[in-house]
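Colleague: below: sequence and its predicted model.
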Amino acid sequence: MKTKKGLALTGNYVLLIVLGVLFALPFLYTLYTSLVTMQDVNHLAGFSKWTLANYKLFFTNDAYNVPQWLWNTVAMTAIVIVGNLIINPMAGFALAKLDFAGKKWIYWIVVATMMVPYQMILIPVYVNVAHLGWLNSVLGLTIPFLYQSLYIFMLRQFFISIPGEFIEAARLDGLTKMGAFWRIVYPLARSSLITMSILAFSGTWNSYLIPSTFTSDPTKYVLVVGLNSVKDMFFENTPLIMAGVVLATLPILVFFFIFQKQYIEGVSSSGVKG
Amino acid sequence: MMFRKARDSDFFVGWLFSLPFLILWAWWFFYPFVQSFIRSFQDANFADLGAAKFIGFQNYAKILHDQAFYRAILHSLEIVLIAVPVQTLLGLLMAILVNRKIKGKGLFRTLFFIPYITSTIAVTTVFMMLFKQGTFVTNFFGMFGFGNVTWFANTHYALLFVAILFIFQQVGFSMIVYLSGLQEVPKDLYEAGQIDGASGLQAFRYITVPFMKPITFFVVSVATILGFQIFDQIAAISRYGALGSPAGATGTVVTYFYQNGIRYMNIGYGSAAVVLFFFIIMIITFLQKKLLDEKE
C-alpha cells in the first residue's frame, strides 16, 4: 500500500517536471538568447560572452522609439485599469446587493455582452473612433474599454457571497448605501479586485488587435505593436528581438508575482462556476 | 430628509452605480453591434461612408460563393478541433497534479499559468525562432516523422503551429479553472470510494469527472470561443504579407473579415462575414451544450 502510494507520487513528480521543463523552455531560451551576441545564437553551450548590448540597442536605436512605446503602453494600461476598478465593481454591487426596477435587464445585458466576441463589433467601433478623431490617440485605446462585462459578472458573484449583515451594520453606524459600498464592501473585495486587475493588466498590456488597428503612426504604437514591427524589420537579429520580448513580458511577470497568492484565491472565490 | 431618503434608495443607488457601465455599453457596444447588422446589408466603403447604399443580401451571397471563406471556416474548425480537447484534458491533468500535497506546487502553478498572461505576440515570436528549420525543436519533431522544416512558413504545418501555440498559452487558464473546481469536491467522497475499494482511475471516472461537468462546459465553451477568435498569432506569423500566410494556409474567419473589412476597407462585406461568424459560434456553443448535457 505504502509503496504503491510512493510510486504514484514519483509518477506525479515525473509528469510535473516534464511539463515544467516544456513550459519553462521557451522563456529560458528567450532570456538566454537576449543576453548573447549574434554569433552565439545557434550554440546553446559554449557561447563566448554575456552582453546587455541587445537591450541597449533597443533603447537607443533611432529606427524605433521604445521609450515612447513604453510610455504609451503604461498610459493605456493605467487608464483602463482605473476605469475597470471603478465601473465594474459599482455595477457588480448594484446587481448583487440592490433591488431595483430594471435590474433584470441590466443583468441580462451583462451576460449577453459576455458571449459576443469582440471582433464582431470591431469594424463599427473602429468607425466610431475614427469619427471622433481618436485614431492614433490614447483615447481610442482606452475609453471604449473602461468596463468589461465578464469582470462585472465575476464581481457580482463575489458580492453575492458577502453577508448582508456587513452592510446592515454599516448602515446602523449611519453610512448610506453608497458609503457602505465604498468603505466596507469595496475593501472586502480585495482579492477579487486583484484577480480582475491581473486579467485587465495582462489583457490590456498585451492587446495587439485593437492597438494595431487603431494606430498607424509609429510614435503612437504600444509596446506589443512596436515589437511586432521591429520583428518584421530585424527578423534575423534574434538576440535583439528576444530582448524586446523580455522587455514586453517583464512588467506582467513582476505584477503577477506580487499578487500571485491573492490571484489564486480570487479565482476560487469569485467562482466561474456561476 | 425626504431627499436624503430618496438618494439612499436601492432604485437611485442601483441606477447610479449601473449608469457608467450602461452609458459606455450603449455607445461602445450596443450601437456598434446594431451597426454591424445594418452595414452587412450595405455596400459601404470606409473611404466614403455617406455613399453607403442598401443592397439586401448581396454581401452574404458573395461571401457564400467565396472559396476563401470556406477555407477560413475549415481552418478555424481545425484549430478548435485540435486545440480544445487537448487543452481541456491537459488542463484537468495538470490541475490534478498540482492539487496534490506535493512540494513546489506553487512554483508549478505559476509556471503553467505564465504563458496565459504573456503577450501572444511575444510568445509567437519565441515559437517562431524555436520552430525554424534546423533548431533542436524541429530536429526533435523530425525524429517522429515530421519534416524538418520551418513550421510557420510551411503550408502543411503552419496551422498546426498556430494550434500548438494556442494550447501552450491557454492550458494554464484551463488548469486554474479546474483547480478551483477540484477544491470544491467533498473530500469524504474520495475516502468513501477508497473504503469501497475503488482504484484511482475509478475514483477519477466516477467522482472527479461528474463533479467537473459544469466546469468542463465552461472550459470547453471559453476555449471554443477564443479558438474561433484567434488573430494575434496569425498576424504575427504573417509579417508584412497578407494575413493568413503562407498562401492562405492560416487564414481563419477572423483574418478573413479583418482583411476584407478593415484592410480593404469594404465595411459592408466585412460586417456580413462577422454576422455569419457570430451565428456559427452561436450554433457551435448550442451544440456543445446539447452534447455535454446528453453525455450524462
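Modeller: Sure thing, it's come through.

Colleague: below-threshold pLDDT in the stretch 101-250 of chain B: ranges please.
Modeller: Low-confidence segments of the stretch 101-250 of chain B (pLDDT under 70): B:240.

Colleague: contacting residues around A:Ala248?
Modeller: Counting by CB atoms under 8 Å, 6 or more residues apart in numbering or on different chains, A:Ala248 touches A:206, A:223-224, A:227, B:119, B:121-122. Yep, even glycine has a C-beta here, placed from its N, CA and C like the rest.

Colleague: go through the residues you listed and say which is closest to B:Tyr60.
Modeller: B:Ile121 (33.1 Å; CB to CB).

Colleague: one step back: between the contacts of A:Ala248, which is closest to B:Gly142?
Modeller: The closest of the contacts of A:Ala248 to B:Gly142 turns out to be B:Ala122 (CB to CB; 26.2 Å).

Colleague: how much space separates that closest one from B:Asn148?
Modeller: 25 Å (CB to CB, to the nearest Å).

Colleague: in terms of neighbours, single out the busier of those two.
Modeller: Remark: of B:Ala122 and B:Asn148, B:Ala122 carries more neighbours, 30 against 14, as counted by other CB atoms under 10 Å in any protein chain shown.

Colleague: confirm that the more buried one sits in a helix.
Modeller: Yes - judged by DSSP: H, G, I helix; E, B strand; the rest coil, B:Ala122 forms part of a helix.

Colleague: spatially central residue for chain A, please.
Modeller: By CA atoms, centre = their mean, the mean C-alpha position of chain A lies nearest to A:Ser202, the distance being 1.6 Å.

Colleague: okay, that residue: pLDDT?
Modeller: Note on A:Ser202: pLDDT of 88.

Colleague: for it, give me its contacts.
Modeller: Going by CB under 8 Å, 6+ apart, A:Ser202 touches A:252, A:255-256, B:116-118.

Colleague: show me the shaky parts of chain A.
Modeller: Along chain A, segments meeting pLDDT under 70 span A:1-5, A:42-48, A:264-274.

Colleague: tell me where it has helices.
Modeller: A:2-34, A:53-60, A:66-97, A:103-115, A:119-131, A:138-142, A:149-160, A:164-172, A:177-180, A:186-188, A:190-205, A:209-214, A:223-233, A:238-270 (DSSP state H).

Colleague: burial check on the spatially closest residue to A:Ser207 that is not a sequence neighbour, number of neighbours?
Modeller: Spatially, and ignoring its direct neighbours in sequence, A:Ser207 is nearest to A:Val224 (7.1 Å; CB to CB, 6 or more residues apart in numbering or on different chains). When neighbours are defined as other CB under 10 Å, A:Val224 has 24 of them.

Colleague: from A:Asn237, how far off is A:Val224?
Modeller: As judged by CB to CB, A:Val224 and A:Asn237 stand 18 Å apart.

Colleague: just A:Leu227 next, same as before
Modeller: 13 Å.

Colleague: who's more crowded, the two?
Modeller: Neighbours per residue, other CB under 10 Å: of A:Leu227 and A:Asn237, the larger number sits with A:Leu227, 27 against 16.

Colleague: leaving out the residues flanking it, which one is nearest to that one?
Modeller: Nearest residue to A:Leu227, sequence neighbours excluded (CB to CB, 6+ apart): A:Gly244, at 4.8 Å.

Colleague: would you map the strands across the stretch 151-296 of chain B?
Modeller: Assigned by DSSP state E, counting those that start in this stretch, the stretch 151-296 of chain B shows no strands.

Colleague: how does chain B divide into domains?
Modeller: B:2-56, B:59-294 (automatic domain parsing).

Colleague: and of these, who's closest to A:Ser137?
Modeller: domain B:2-56 (15.2 Å).

Colleague: quick one on the thing from earlier: need the winner for burial among the domains of chain B.
Modeller: domain B:59-294 (a mean of 19; mean count of other CB atoms under 10 Å in any protein chain shown).

Colleague: B:Ile215 touches B:Leu179, doesn't it?
Modeller: No - applying CB atoms under 8 Å as the test, B:Ile215 and B:Leu179 come out as separate, 9.8 Å apart.

Colleague: is chain B within reach of stretch A:170-182?
Modeller: Yes - among the residues of stretch A:170-182, A:176-178, A:181 lie within reach of chain B under CB under 8 Å from any CB of the partner chain.

Colleague: for the closest residue to A:Ala170 other than its chain neighbours, give its distance to A:Arg171.
Modeller: Spatial nearest neighbour of A:Ala170, chain neighbours left out: A:Ala180 (3.9 Å); criterion: CB to CB, 6+ apart. Distance of A:Ala180 to A:Arg171, given as CB to CB: 6 Å.

Colleague: more neighbours, those two?
Modeller: Between A:Ala180 and A:Arg171, counted using other CB under 10 Å, the more crowded position is A:Ala180 (22 against 15).

Colleague: related to what we said a few turns ago, now for the contacts of A:Ser202: which two are most distant?
Modeller: Longest span within the contacts of A:Ser202, CB to CB: A:Phe255 and B:Tyr116, 13.4 Å.

Colleague: nearest to B:Pro20, of the contacts of A:Ser202?
Modeller: So of the contacts of A:Ser202, ranked by how close each gets to B:Pro20 (CB to CB), first place is A:Phe255, at 25.1 Å.

Colleague: just checking, A:Phe100 touches B:Gly14?
Modeller: Yes - contact criterion CB under 8 Å: A:Phe100 and B:Gly14 qualify, at 3.6 Å.

Colleague: shared neighbours, those two?
Modeller: In contact with both A:Phe100 and B:Gly14: A:Ala94, using CB under 8 Å, 6+ apart.

Colleague: quick revisit: out of the contacts of A:Ser202, which comes closest to B:Ile280?
Modeller: Taking the contacts of A:Ser202 together and measuring to B:Ile280 by CB to CB, the closest member is B:Tyr116, at 25.3 Å.

Colleague: can I assume the closest one is in contact with B:Phe168?
Modeller: No - if you go by CB under 8 Å, B:Tyr116 and B:Phe168 don't touch, sitting 9.4 Å apart.

Colleague: how about the residues of the stretch 151-296 of chain B near chain A?
Modeller: B:168, B:176-177, B:179-181, B:183-184, B:200, B:214-215, B:218, B:225, B:228-229, B:231-232, B:235-236, B:239-240, B:254, B:257-258, B:261-262, B:267, B:270-271, B:274-275, B:277-278, B:281, B:285.

Colleague: okay, and which of those residues map to helices?
Modeller: B:168, B:176-177, B:179-181, B:200, B:214-215, B:218, B:225, B:228, B:232, B:235-236, B:254, B:257, B:267, B:270-271, B:274-275, B:277-278, B:281, B:285.

Colleague: name the nearest residue to residue 92, ignoring sequence neighbours.
Modeller: Since you didn't name a chain, this refers to chain A. That would be A:Leu155: by CB to CB, 6+ apart, it lies 3.3 Å from A:Gly92.

Colleague: you looked at the wrong chain, it should be chain B
Modeller: Sequence neighbours aside, B:Tyr178 is the residue nearest to B:Leu92 in space, at 5.1 Å (criterion: CB to CB, 6+ apart).

Colleague: correct me, but the one you found touches B:Pro214?
Modeller: No - with contact defined as CB under 8 Å, B:Tyr178 and B:Pro214 do not form a contacting pair (11.4 Å).

Colleague: can I get stretch B:67-83 as PDB, trimmed to CA atoms?
Modeller: Extracted C-alpha coordinates of stretch B:67-83, given in PDB (Å, rounded to 0.1, in the frame of the first residue of the first chain):
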ATOM      1  CA  GLN B  67     -13.900  29.700 -51.700                       C
ATOM      2  CA  ALA B  68     -11.600  31.600 -49.300                       C
ATOM      3  CA  PHE B  69     -14.400  31.900 -46.800                       C
ATOM      4  CA  TYR B  70     -14.900  28.200 -46.700                       C
ATOM      5  CA  ARG B  71     -11.200  27.600 -46.300                       C
ATOM      6  CA  ALA B  72     -11.200  30.100 -43.500                       C
ATOM      7  CA  ILE B  73     -14.000  28.300 -41.700                       C
ATOM      8  CA  LEU B  74     -12.300  25.000 -42.200                       C
ATOM      9  CA  HIS B  75      -9.100  26.400 -40.800                       C
ATOM     10  CA  SER B  76     -10.800  27.800 -37.700                       C
ATOM     11  CA  LEU B  77     -12.600  24.500 -37.200                       C
ATOM     12  CA  GLU B  78      -9.300  22.600 -37.500                       C
ATOM     13  CA  ILE B  79      -7.600  24.800 -34.900                       C
ATOM     14  CA  VAL B  80     -10.600  24.400 -32.500                       C
ATOM     15  CA  LEU B  81     -10.800  20.600 -33.000                       C
ATOM     16  CA  ILE B  82      -7.100  20.100 -32.300                       C
ATOM     17  CA  ALA B  83      -6.700  22.700 -29.500                       C
END
